[in-house]
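1. Let me see the structure of the following:
(chains A and B)
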Amino acid sequence: MSKHLIDLQNISKSFGNHLVLDEMNLYIRENEFLTLLGPSGCGKTTTLRIIGGFENPDVGKVIFDGKDITRLAPNKRQLNTVFQKYALFTHMTIAENIAFGLRIKKKSKAYIDDKIKYALKLVNLEEYGSRYPESLSGGQQQRVAIARAIVNEPKVLLLDEPLGALDLKLRQDMQYELIRLKKELGITFVYVTHDQEEALTMSDTIVVMNQGYIQQIGTPEMIYNEPENAFVADFIGDSNIISSTMIQDELVEILGVKFPCVDKGFGENKPVDVVIRPEDVELTTDVEKGRIQGVVSHIIFKGVHYEMEVMANGFEWLVHSTSCFPVGEKVGINVDPFNIQIMNKPESEDEEAVGVEE
Amino acid sequence: MISKILKRVYIALIFVFLYAPMFTLIVLSFNQSKSRAKWGGFTFKWYLALFSDRVVIQALINTLLIALISALVACVIGTITCLAMNRMGNVSKSILTGVTNIPMLNAEIVTGISLMLLFLFFKAKFGFVTILLSHITFNIPYVILSVMPRIRKMNPSNYEAALDLGAGPLYAFFKVVLPDIWPGVLSGFLMAFTMSLDDFIITHFTKGPGVDTLSTKIYAQVKKGINPEMYALSTLIFISVLILLILINRMPSGDKEKEK
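-> Residues are numbered from 1 along each chain as shown, chains lettered A, B, ... in the order given. Model prediction:
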């Protein structure tokens, strides 16, 4: 494992009476693409701003490359930010925008010209150096903002929902572009988004946050396949979250029916939450073969698959399937034991947002 | 058809009422005869007399100096105030906006007298400096009025982006923030300059003996008996204020949106 580049130690921050971050601990390794993911108001942007130096934490330390930079001004930090609304300087040309940081560092003219050329090429905007930001599309402006940040050769690039204002197609293109940039530059990316798909596509590590607490840290696969609690399961993709009882190891009772599963160690007859992804719910017209029987109540064609709702034993199951089952049809439901994810129930309502396991 | 003609007539009437007095003044300033009742032929002599009058020239210099310095100082103070206000919470911001608006709505005579009392209280020597201070005071609200919308429209990330790229706070302000709000500052400056140029009442209460601006000079002259030179002077003031107003109106003062 590569070394920790940034260490957030015990960070708390509140605005007025509103606690935004509560004793947060997080490390970011060198060269990783780390995404802070969560709904608005979860503290992800505040975390990024604390790393960037635009906010001071009330408590806690920011360690960067072994040095404490908690109180260091943003202009003295070896990192650059790509802002949500691009924040290009409208009275300067694209080239001047990109040169801004280099001029402050008093680099030679030849060096700056070289860098501008390199950066514009990197973001595929070679012809645009003499244009003004206003004459560029949103996607192009965003790429200029990225170019402006990376010419300074930061050790870390902070990105605050950089694709939020773009349309779907452009957003997908830019995701690939960012992955490519990350590979070419070989620097650390810290990315903030509320879009789970973006996070899953690009990240090495995802940090799921809610209400100022880290809910889960892990690779995209871990976060998706083994959510630690109902919040993560619900936030990352669609899922069926069903209140159930763990009968014994490898056996869970869902909606009154016993299902074999692979999880152990929850104890006997313990109430738990079960997560089943809609694509893992198998439907069959051979009703008797299903572990639970139900009736299709809704169906929508989504392109890649059909999205169906199946009423069974008093629970509306969300199902994704490539085959079509018409509304009103009786179906049997099966789930592979590997696809049943068991989670501890939150101890109280408040815990639902907390539950950070070390 | 009829209604169209009526509309035109109506508009024409409005302009006649608005500008007939000014027009009379301008015509009389070119009148050869000293009488106001009869036209004695076209002449520039009142203008020539005006410019050879030392006292008037001194008043003109005073007026321009006061307008220029007070507008500049008001711009600096006003812009700094706006920057600070922008960072405040909503409640204190709206209270402060209200407070800075009051001097604009306040009767000038009240402002004038209260300034005079203030200077008396501090035993200040009435003269150029007291006029200048008063003008700065009443100019600041106008600067705030025209700079504030511009600052509100600015992307707050721009300043942070500059810091992020390594700029110190001052460098970031002059290179990034100021160019963004420049049109607002400039129109604020012109507005303040104009207000200072044609102020009479406040100047009247805060000036000392021997120091005059054009407006107080005209007032003093008129008391002695009206001299056509004053028509010429008033005409000149009117025209310069008119030019300034046209300039202010043609400025892209913040309503030009940069986003698509």
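2. Next one, pLDDT for the nearest residue to B:Pro169 once chain neighbours are set aside please.
-> Of all residues not flanking B:Pro169 in the chain, B:Leu163 sits nearest, at 7.1 Å (C-beta to C-beta, 6 or more residues apart in numbering or on different chains). Where C-beta positions appear, they are placed from N, C-alpha and C, glycine not excepted. If you check B:Leu163, the pLDDT there is 93.
3. Name the residues of stretch A:159-177 that come out as buried.
-> A:Leu159, A:Asp160, A:Glu161, A:Pro162, A:Leu163, A:Leu166, A:Leu170, A:Arg171, A:Met174, A:Gln175, A:Glu177 (16 or more other C-beta atoms under 10 Å in any protein chain shown).
4. Can you tell me, leaving aside adjacent residues, what's nearest to the third one?
-> Taking C-beta to C-beta, 6+ apart, and ignoring the residues beside it in sequence, A:Glu161 has A:Gln84 as its nearest neighbour in space, at 4.8 Å.
5. Might one say that the one you found is in contact with A:Ala165?
-> Yes. If you go by C-beta atoms under 8 Å, A:Gln84 and A:Ala165 touch, sitting 7.5 Å apart.
6. one step back: surely the residue nearest to B:Pro169 is in contact with A:Ala73?
-> Yes. Here B:Leu163 reaches A:Ala73: they are 7.3 Å apart, a contact under C-beta under 8 Å.
7. which residues do the two both contact?
-> Common contact partners of B:Leu163 and A:Ala73 (C-beta atoms under 8 Å, 6 or more residues apart in numbering or on different chains): A:Gly53.
8. Name the residue in those two with the higher neighbour count.
-> The neighbour comparison of B:Leu163 against A:Ala73 (other C-beta atoms under 10 Å in any protein chain shown) goes to B:Leu163, with 23 against 12.
9. Next, work out how far apart the more buried one and B:Ser94 are.
-> Distance of B:Leu163 to B:Ser94, given as C-beta to C-beta, to the nearest Å: 28 Å.
10. Equivalent analysis for A:Glu198, please.
-> Distance of A:Glu198 to B:Ser94, given as C-beta to C-beta: 38 Å.
11. Comparing these two, which shows the higher neighbour count?
-> Using other C-beta under 10 Å, the more surrounded residue of A:Glu198 and B:Ser94 is A:Glu198, with 22 against 12.
12. give the contact list for the nearest residue to the more buried one once chain neighbours are set aside.
-> Spatial nearest neighbour of A:Glu198, chain neighbours left out: A:Gln175 (6.2 Å); criterion: C-beta to C-beta, 6+ apart. Going by C-beta under 8 Å, 6+ apart, A:Gln175 touches A:Leu163, A:Glu198, A:Thr201, A:Met202.
13. so which helix or strand takes in A:Gln175?
-> helix A:168-185 (DSSP states H and E).
14. ok, now A:Arg143?
-> With secondary structure defined by DSSP H and E, A:Arg143 is part of helix A:138-150.
15. Check the offset of the helix or strand just after that helix from the chain's centre.
-> Using DSSP H and E, the helix or strand that directly follows helix A:138-150 along the chain is strand A:156-160. Chain-centre distance of strand A:156-160: 14 Å, with C-alpha atoms, centre = their mean, to the nearest Å.
16. same thing with stretch A:51-58?
-> 21 Å.
17. thinking A:Gly256 is in contact with A:Gln293, fair?
-> No. With contact defined as C-beta under 8 Å, A:Gly256 does not count as touching A:Gln293 (11.9 Å).
18. between the two, who's got more neighbours?
-> Higher neighbour count among A:Gly256 and A:Gln293: A:Gln293, with 16 against 10, using other C-beta under 10 Å.
19. pretty sure that one is in a strand, no?
-> Yes. Assessed with DSSP: H, G, I helix; E, B strand; the rest coil, A:Gln293 lies in a strand.
20. On the strand side of things, show who it bridges to.
-> Beta-bridge pairing of A:Gln293 under DSSP bridges involves A:Gly332.
21. Please name the residues that touch it.
-> If you count contacts by C-beta under 8 Å, 6+ apart, A:Gln293 has them with A:Val287, A:Ala312, A:Lys330, A:Val331, A:Gly332, A:Ile333.
22. what's the pLDDT at it?
-> 91.
23. B:Met116 too?
-> 94.
24. Please identify the residues of chain A in proximity to chain B?
-> With the criterion set to C-beta under 8 Å from any C-beta of the partner chain, chain A comes near chain B through A:52-54, A:73-75, A:80-81, A:83-85, A:87-91, A:100-101, A:104-105, A:134, A:148-149, A:152.
25. so how far does stretch A:262-271 reach from one end to the other?
-> End-to-end span of stretch A:262-271 (C-alpha to C-alpha, to the nearest Å): 16 Å.
26. what's in contact with it?
-> Here stretch A:262-271 makes contact (C-beta under 8 Å, 6+ apart) with A:243-250, A:252, A:272, A:337-338, A:340-342, A:344-345.
27. in that stretch, what counts as buried?
-> For stretch A:262-271, the neighbour count (16+ other C-beta under 10 Å) marks A:Asp263, A:Phe266 as buried.
28. roughly how far out does that stretch sit from the chain middle?
-> 29 Å.
29. List the buried residues of whichever strand or helix holds B:Pro183.
-> In this assignment (DSSP H and E), B:Pro183 forms part of helix B:178-197. Within helix B:178-197, the residues that qualify as buried are B:180-181, B:183-197, counting by 16+ other C-beta under 10 Å.
30. need the next SSE after it, C-terminal direction.
-> Using DSSP H and E, the helix or strand that follows helix B:178-197 in sequence is helix B:201-206.
31. Is it correct that A:Tyr343 falls within a strand?
-> One thing to correct before we go on: residue A:343 is Met, not Tyr. Yes. The assignment for A:Met343 (three-state DSSP) places it in a strand.
32. Counting neighbours, what do you get for it?
-> If you count neighbours by other C-beta under 10 Å, A:Met343 ends up with 21.
33. For it, which non-adjacent residue is closest in space?
-> In space, and not counting its chain neighbours, A:Met343 is closest to A:Asp273: 4.6 Å by C-beta to C-beta, 6+ apart.
34. quick revisit: dump the buried residues of stretch A:159-177 to CSV, plus distance to B:Ser29 and pLDDT.
-> Below are the buried residues of stretch A:159-177 laid out as CSV (distance: C-beta to C-beta, whole Å; pLDDT from 0 to 100):
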residue, distance to B:Ser29, pLDDT
A:Leu159, 67, 94
A:Asp160, 63, 92
A:Glu161, 64, 90
A:Pro162, 64, 89
A:Leu163, 66, 87
A:Leu166, 63, 82
A:Leu170, 65, 84
A:Arg171, 68, 86
A:Met174, 67, 87
A:Gln175, 72, 90
A:Glu177, 69, 87
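35. now, among those, which is nearest to A:Pro260?
-> Closest approach between the buried residues of stretch A:159-177 and A:Pro260, by C-beta to C-beta: A:Gln175, at 38.1 Å.
36. separation between that closest one and A:Gly138?
-> Noted for A:Gln175: a distance of 15 Å to A:Gly138, by C-beta to C-beta.
37. A:Val252 now?
-> 48 Å.
38. So between the two, which is more surrounded?
-> Ranked by neighbour count (other C-beta under 10 Å), A:Val252 and A:Gly138 place A:Val252 first, with 24 against 16.
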